[in-house]
Structure formats: C-alpha cells, structure tokens
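> Give me coordinates for this.
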Amino acid sequence: MSAVSNASPAERHRIVAAGFADEVAATTDWSARSPVEEWTARAVVDHLVEWFPAFLEAGGVELSEVSADDPVDAWAARTAEIQGLLDGDDAARDFTHPYVGTMPLADAVDRFYTADVFMHTWDLAQAGGRRPDLDHDFAADLLAGMGPLEDMLRSSGQYGPAYPVSSDVDPAVALAAFIGRDPRFAD
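Reported below is the predicted structural model:
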C-alpha cells in the first residue's frame, strides 16, 4: 500500500494538498479550460477554497474567509487552515453534520475534502496540459469506495457520466474517467 493510503488523515491531507499546490504552482493560464464542464483552471482552485467552509460551518466549525484575488495565495491560505485543524487538538472531536452524521472531525475532512482535493488535482493538471502524478493505490481506494455509490453520486449532479476505459488503465485515469472526466482531455 502507498504512503497516501496508509497515512493518517492529517498526513494524507498534507501529501494530497502538496500535490495540488504543485499543480497550482505549475499553472500559467488561469483561464484555461478544465475537464470540468464550464470550469477554468482558476475555478478549480476557487471551488476547493470556497465550498468547504460552509460544510464545516454546518457542523459548528468555522474557517476564516480567504481572498480569492490570487489563486496561489488563496490555496496556500486555505490549505494551511485545514492542515491546522487536522494537526490541532480538535481533530479527534466529534463533528456532526446534518447530512452526513457524526464522525471525528479529521475523518470528515479526510472523507469529504481531502478526497475532493485529490480528484481535482487531475482537473487542474489537465487544464495545464499535464498528467498529474497521483498515487495509484489511493486512486484505486477511492474508486472502490465510490463504485457502490455510483447511482447516488451521479444523481447528485456532481459527477458526469463515466467514460469507458480499459481494465488495465492506470487507477488515477480510471478514477478520473469514473467521475466523468475525459481521460484524453489534455492529449
């Protein structure tokens, strides 16, 4: 198993967020189209900076507002604050969200945010014409966990139709295809 799959929620976020930060640093055209329909490279970063505070707030955890003027600075600020939650004393406390129930705060961040950052790393890299170096074992783990929930995931409107791929494809490509990303987008 990989270091990402075997990591604690705090360490997994640190690794995944650093991979996304590498893609943020490599991005030269923030208006470039991404594999997410109607999203640019900048919109990928904006999404990750903006959606999670409301999720946490529904469970009583408040994050500071982050200025989205500069996507590099916005990402650095948001990821540092999330990492602070995971490294802090409250990481093990119960977090109760009205739609997902009760779990340790670190598990909620891991399950709903870190996984999202991992998947959107594909999108940001592809917007720049790059193929990200995503951890194969973690991609396979996410795909295995999402497979049984496919109908619910698709009906949520957050994922497009899956793209067909061969059974021997890289697990990161298989995950991207499963969540509705054209694996040939940047080719």
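> so Val173 sits right up against Val165, yeah?
Yes. With contact defined as Cβ atoms under 8 Å, Val173 counts as touching Val165 (6.2 Å). Glycine gets a C-beta too; all of them are placed from N, C-alpha and C.
> Identify the contacts common to the two.
Pro183 (Cβ atoms under 8 Å, 6 or more residues apart in numbering).
> quick one, which of the two is more surrounded?
Taking neighbours as other Cβ atoms under 10 Å, Val173 and Val165 compare with Val173 leading, 20 against 16.
> what sits against the nearest residue to that one once chain neighbours are set aside?
Closest residue in space to Val173, ignoring its immediate chain neighbours: Pro183 at 4.9 Å, by Cβ to Cβ, 6 or more residues apart in numbering. Neighbour list for Pro183: 163, 165, 169, 173, 176-177 [criterion: Cβ under 8 Å, 6+ apart].
> In which helix or strand does Pro183 reside?
Assigned by DSSP states H and E, Pro183 belongs to no helix or strand.
> now the strands: where do they sit in this structure?
Here the chain has its strands, by DSSP state E, at 94-97, 101-104.
> Convert the C-alpha atoms of the first one to CSV, please.
So that's strand 94-97. C-alpha atoms of strand 94-97 as CSV (Å, rounded to 0.1, in the frame of the first residue of the first chain):
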residue,chain,number,x,y,z
ASP,A,94,-16.9,14.6,17.2
PHE,A,95,-18.1,16.6,14.2
THR,A,96,-21.9,16.3,13.5
HIS,A,97,-23.1,17.4,10.1
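> Enumerate the positions of it that are buried.
For strand 94-97, a neighbour-count test (16 or more other Cβ atoms under 10 Å) marks 95, 97 as buried.
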